[in-house]
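Undergrad: Fold the following for me, if possible:
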Amino acid sequence: MKAKDLATAKAKVVHLFNDMTIDEALKVLLKSNLASIPVLERDSNRYLYSLSAFAILKKVANGRGNPDVYKEPISSVSLERFIVPCTLDTEIDNLIDLVVSQNFVPLVDASGAFQGIVTRKAVINYMSDRLSESEE
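TA: Residues are numbered from 1 along each chain as shown. Model (predicted):
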């Protein structure tokens, strides 16, 4: 089975664009209640990185007293770590190592354009079903 078979499509994935401000990103994060969100290049929809709520809050906390911090681009936020993407044709078995350390795996096409995500939950459910089938 391929990663695309377990994917949540881009249209259903909350994401940010690289030209957004910290204030705009915070609004999206608060509304979505997610810990980390993919950041895309607006024009090409290319996956760039994923931004954590913690990294944004850390940036805001370090800029206490400076209201202009909210106007800064999200690109000014230091990344805690890079969330590794995979292609649509990646075998599910190859995603297991990634979902152990990432809540989700961004999926990209051959040009790097963001196509969606595979969540840790989707991989665990798939593996659980596979295990149940082998026990029958």
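Undergrad: and the longest helix for the chain?
TA: helix 120-135 (DSSP state H).
Undergrad: so S44, which of the three states?
TA: Here S44 is recorded as coil under DSSP: H, G, I helix; E, B strand; the rest coil.
Undergrad: Can I get the longest helix of the chain as PDB, trimmed to CA atoms?
TA: Provided in PDB are the C-alpha atoms of helix 120-135 (Å, rounded to 0.1, in the frame of the first residue of the first chain):
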ATOM      1  CA  ARG A 120       0.200   8.700  12.800                       C
ATOM      2  CA  LYS A 121      -3.400   7.500  13.600                       C
ATOM      3  CA  ALA A 122      -3.900   6.400  10.000                       C
ATOM      4  CA  VAL A 123      -0.700   4.400  10.000                       C
ATOM      5  CA  ILE A 124      -1.500   2.800  13.400                       C
ATOM      6  CA  ASN A 125      -5.000   1.900  12.200                       C
ATOM      7  CA  TYR A 126      -3.700   0.400   9.000                       C
ATOM      8  CA  MET A 127      -1.100  -1.700  10.900                       C
ATOM      9  CA  SER A 128      -3.700  -2.800  13.400                       C
ATOM     10  CA  ASP A 129      -6.000  -4.000  10.600                       C
ATOM     11  CA  ARG A 130      -3.100  -5.800   9.000                       C
ATOM     12  CA  LEU A 131      -2.200  -7.500  12.200                       C
ATOM     13  CA  SER A 132      -5.900  -8.500  12.800                       C
ATOM     14  CA  GLU A 133      -6.000 -10.000   9.300                       C
ATOM     15  CA  SER A 134      -2.900 -12.100   9.800                       C
ATOM     16  CA  GLU A 135      -4.300 -13.500  13.100                       C
END
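Undergrad: contacts for it?
TA: Contacts to helix 120-135, defined as CB atoms under 8 Å, 6 or more residues apart in numbering, come from residues 1, 6-8, 92, 95-96, 99, 102-104. Just so you know, the C-beta spots here come from the backbone N, C-alpha and C atoms, and that holds for glycine as well.
Undergrad: and if we set it to 6 Å?
TA: For helix 120-135, the external contacting residues (CB atoms under 6 Å, 6 or more residues apart in numbering) are 6, 95, 99, 103.
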